[in-house]
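*Asks:* one predicted model, sequence on top.
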Amino acid sequence: MLNKYARAFFTRVLTPFAAFLIRRGVSPDTVTLIGTAGVVAGALVFYPMGEFFWGTIVITLFVFSDLVDGNMARQLGRSSRWGAFLDSTLDRVADGAVFGGFALWYAGEGDNNVLCAVSIFCLASGQVVSYTKARGESIGLPVAVNGLVERAERLVISLVAAGLAGLHAFGVPGIQYLLPVALWIVAVGSLVTLIQRVVTVRRESAEAEAADAEAAEAAEADAAGAESPETRGSEAAK
Ligand SMILES: CCCCCCCC/C=C\CCCCCCCC(=O)OC[C@H](COP(=O)(O)O[C@@H]1[C@H](O)[C@H](OP(=O)(O)O)[C@@H](O)[C@H](O)[C@H]1O)OC(=O)CCCCCCC/C=C\CCCCCCCC
Ligand SMILES: Nc1ccn([C@@H]2O[C@H](COP(=O)(O)O)[C@@H](O)[C@H]2O)c(=O)n1
Ligand SMILES: [Mg+2]
Ligand SMILES: [Mg+2]
């Protein structure tokens, strides 16, 4: 949903910044790499210590690089297969660090096995949700569904909640419960999304097999028609 509705807005906002980086000779790949490094550092340095506010500030500063790199590539007319591969692969690394950071906090000082398990579930299910689309597309299916909770939703829900929960350290009471609530929402939402995508791939795969079988039957019928005695007779008459 965010990918559909918010992307156009952020493209407009970030285009001048992307143009500025291009003028400074920065490449889209550099932005992809530095953005990912910043997200990974923010998540793995601050979250395991329970510094949710500062962790989220650092991550937020870098996470928008994921919208800037593609914007730069498009402005340069240099969108490439390599760029698409690098972008998607490093998305997985960044997501792993964010939910890994939460898991490390709950496994350590946060001391909550259930929330540690929920964080690990968010990490794994998010990766599998993305994999379903990539694998489905690699076997020639359209995978014409995005589902309830895409990457942008996973990030926005957990980062907004983590940022706000971090305000507890500054004396705001009760707000720390937002993070566990967000993690449960992302976990359930990712599971629903996974089911939506698997069901779609199963349907599209059955439709593709049926279309293949029909095409093979038609080709066989054509070949049999060309080989039939009538056809041979008429060929001979010619
Ligand atoms: C006192 C206040 C304290 C609060 C602290 C600060 C809070 C700030 C909080 C959050 C900011 C969160 C911003 C998150 C922005 C995420 C942007 C982003 O990276 O989106 C990426 C997304 C997808 O890009 P790609 O096409 O490159 O990726 C594809 C995708 O990953 C596919 O995965 P799948 O979906 O299948 O799982 C892969 O399959 C594919 O391989 C891959 O290529 O881009 C978008 O979706 C574009 C839309 C971005 C929308 C961003 C909305 C940000 C909205 C609000 C932020 C402001 C919140 C302010 C809150 C303040 C709270 C007090
Ligand atoms: N280093 C890069 C990064 C991205 N691309 C291209 O942009 C597409 C992704 O766009 P986003 O707005 O989601 O970042 C990607 O599929 C590539 O075509 C690139 O070329 N180089
Ligand atoms: Mg990108
Ligand atoms: Mg990306």
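*Replies:* Looks like it came in fine. Ligands and ions are numbered 1, 2, ... in the order given.

*Asks:* separation between residue 168 and residue 177?
*Replies:* Computed as C-beta to C-beta, to the nearest Å, the residue 168 to residue 177 distance reads 9 Å. Bear in mind the C-beta positions are built from the backbone N, C-alpha and C, glycine included.

*Asks:* now swap in residue 81 and tell me
*Replies:* Residue 81 is 44 Å from residue 177, by C-beta to C-beta.

*Asks:* the more surrounded of the two?
*Replies:* Higher neighbour count among residue 81 and residue 177: residue 177, with 11 against 7, using other C-beta atoms under 10 Å.

*Asks:* quick check: closest non-adjacent residue to the more buried one.
*Replies:* Nearest non-adjacent residue to residue 177, counting by C-beta to C-beta, 6 or more residues apart in numbering: residue 165, 7.6 Å away.

*Asks:* could you do residue 64 as well?
*Replies:* In space, residue 64 is closest to residue 14, 6.7 Å off (C-beta to C-beta, 6+ apart).

*Asks:* from residue 20, how far off is that neighbour?
*Replies:* Taking C-beta to C-beta, one finds residue 14 at 10 Å from residue 20.

*Asks:* when these two are compared, which one has more neighbours?
*Replies:* Taking other C-beta under 10 Å, residue 14 and residue 20 do not tie; residue 14 has more neighbours (17 against 11).

*Asks:* would you mark the buried spots in the helix or strand harbouring that one?
*Replies:* Applying DSSP states H and E as the criterion places residue 14 in helix 7-23. Within helix 7-23, the residues that count as buried by 16 or more other C-beta atoms under 10 Å are 14-15, 18, 21-22.

*Asks:* assign a three-state SS to residue 111, would you?
*Replies:* Following DSSP: H, G, I helix; E, B strand; the rest coil, the label given to residue 111 is coil.

*Asks:* now swap in residue 148 and tell me
*Replies:* Here residue 148 is recorded as coil under three-state DSSP.

*Asks:* now the angle between helix 7-23 and the helix or strand that the residue nearest to residue 177 is a member of, please.
*Replies:* Following DSSP H and E, one finds residue 165 within helix 151-165. Interaxial angle, helix 151-165 versus helix 7-23 (axes from the mean of the first three to the mean of the last three C-alpha atoms, to 10 degrees): 90 degrees.

*Asks:* quick check: angle from whatever helix or strand comes next after helix 151-165 to helix 151-165?
*Replies:* Where DSSP H and E defines the elements, the next helix or strand beyond helix 151-165 is helix 178-227. Interaxial angle of helix 178-227 relative to helix 151-165 (the same axes, to 10 degrees): 180 degrees.
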